[in-house]
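Participant: Provided below for reference: sequence and predicted model.
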Amino acid sequence: MIIQTSPFLDIHAHAREPGQTHKATVADTCAAAAAGGFGAFAAMANTVPVIDTPELVRFVKGAAVLGVTVYPVAAVTVGQRGEALTDFAALKAAGAAALSDDGLPLTSEKLLKEALTRADALKLPVLLHCEPETRQAEQAVFWIKRLGCPAHICHVSKADTAAVLRKARREGVLFTAETCPHYMTVQADGKMNPPLGTERDVEAVLDALCDGVIDCVATDHAPHTAEEKASPNPPNGVVGLETALGVVLEALFRSGRMPLDSVLRLMSGKPAAVLRVPVPPGVISVDTDAEWVVNPELLLSGAKNTPFAGMRLRGKVVRGDVG
Ligand SMILES: [Zn+2]
């Protein structure tokens, strides 16, 4: 079946610019995004240098190509060092769509509290990386509730975290949360943080998506070179923009858990609402039955570290008209 739908929006991608262009660039991340049906993505701040100044925000935003919108995510703390907060107002004025110290959780309660309060005053979403996941998610929920300021929990992967969030949802806590395609199937393979879950975790994550405890799907697209991934201590992360649709359709739609339009909203309207931005303009055509095998070499992403190499997927964007 070929359907037309709104382009997707990924609120969690690593475009590796500035400074890590051997892994990927904003331009090839845009190419991977467009191929996967994404009309926009949020580019995380853990680059070299860290995106913590208005100049760098403007640079990343301006590097977008192919009609894909790039929403720069600026660092919460200067240099992501967890010491001093960045100038949220100046970063927002330059085009930052959100704040995150992705990869480095805010462990200081004082800073977390101050960051949530200041960001809320500016209506800037804060994307929290929780590590260790369940304990930090509990802490985040505690402060969100206490301060009445919203925040977003990144890449939920565990049944225990889903349980914490389910309770918080019942209590009306103002959080939003995402999970990633590689936490939605037991067939993924790769080293990432948080690590891949067990069958019980995958089930819990899918249940949480169906119940609205987890709001949306993000890829955590994280390019690394083949050399880096083959090294004795490989970095965490996998690419995901081009495979997200096929994996998500399998896990939620073809499994009979969710109707197609609801599944597509998890990758478009819902993440746009979390980021408080419009759904990307344009229309994409999706062939929900198109079968294909993931061949890393054919991915347009700068790096090929997919957790789905060799996997047979069903569902592909056959025509994208974004921007
Ligand atoms: Zn990330």
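Facilitator: Nice, I can see it. Numbers count the residues shown, from 1 in each chain.
Participant: Quick one: residues contacting residue 269.
Facilitator: Contacts for residue 269 (CB atoms under 8 Å, 6 or more residues apart in numbering) come out as 6, 279. To be clear about C-beta, it is placed using only N, CA and C from the backbone, and glycine gets the same treatment.
Participant: Could you tell me how far residue 246 is located from residue 187?
Facilitator: 11 Å (CB to CB, to the nearest Å).
Participant: Settle it for me: which of these two has more neighbours?
Facilitator: Neighbour comparison, residue 246 and residue 187: the larger count goes to residue 246, with 24 against 16 (by other CB atoms under 10 Å).
Participant: Dump the helix or strand containing that one to PDB, restricted to CA.
Facilitator: Secondary structure assignment for residue 246, by DSSP states H and E: helix 244-248. Written as PDB, here are the backbone C-alpha positions of helix 244-248 (Å, rounded to 0.1, in the frame of the first residue of the first chain):
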ATOM      1  CA  ALA A 244      13.600   4.000  11.500                       C
ATOM      2  CA  LEU A 245      10.400   3.700   9.400                       C
ATOM      3  CA  GLY A 246      10.800   0.000   8.600                       C
ATOM      4  CA  VAL A 247      11.600  -1.000  12.200                       C
ATOM      5  CA  VAL A 248       8.800   1.100  13.700                       C
END
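Participant: Contacts for that helix next, please.
Facilitator: 8, 10, 36-38, 181-182, 184-185, 188, 217, 219, 263, 266-267, 286, 292, 308, 313-317.
Participant: can you pull out the helices in the stretch 151-300 of the chain?
Facilitator: Using DSSP state H, counting those that start in this stretch, the helices of the stretch 151-300 of the chain run over 159-170, 199-211, 226-230, 244-248, 260-265, 269-275.
Participant: Out of the ones you listed, indicate the one that is most buried.
Facilitator: Highest mean neighbour count among those (mean count of other CB atoms under 10 Å): helix 244-248, with a mean of 26.
Participant: Distance from the chain centre to that one, please.
Facilitator: 14 Å (CA atoms, centre = their mean, to the nearest Å).
Participant: Am I right that residue 127 is in a strand?
Facilitator: Yes: Residue 127 forms part of a strand when assessed by DSSP: H, G, I helix; E, B strand; the rest coil.
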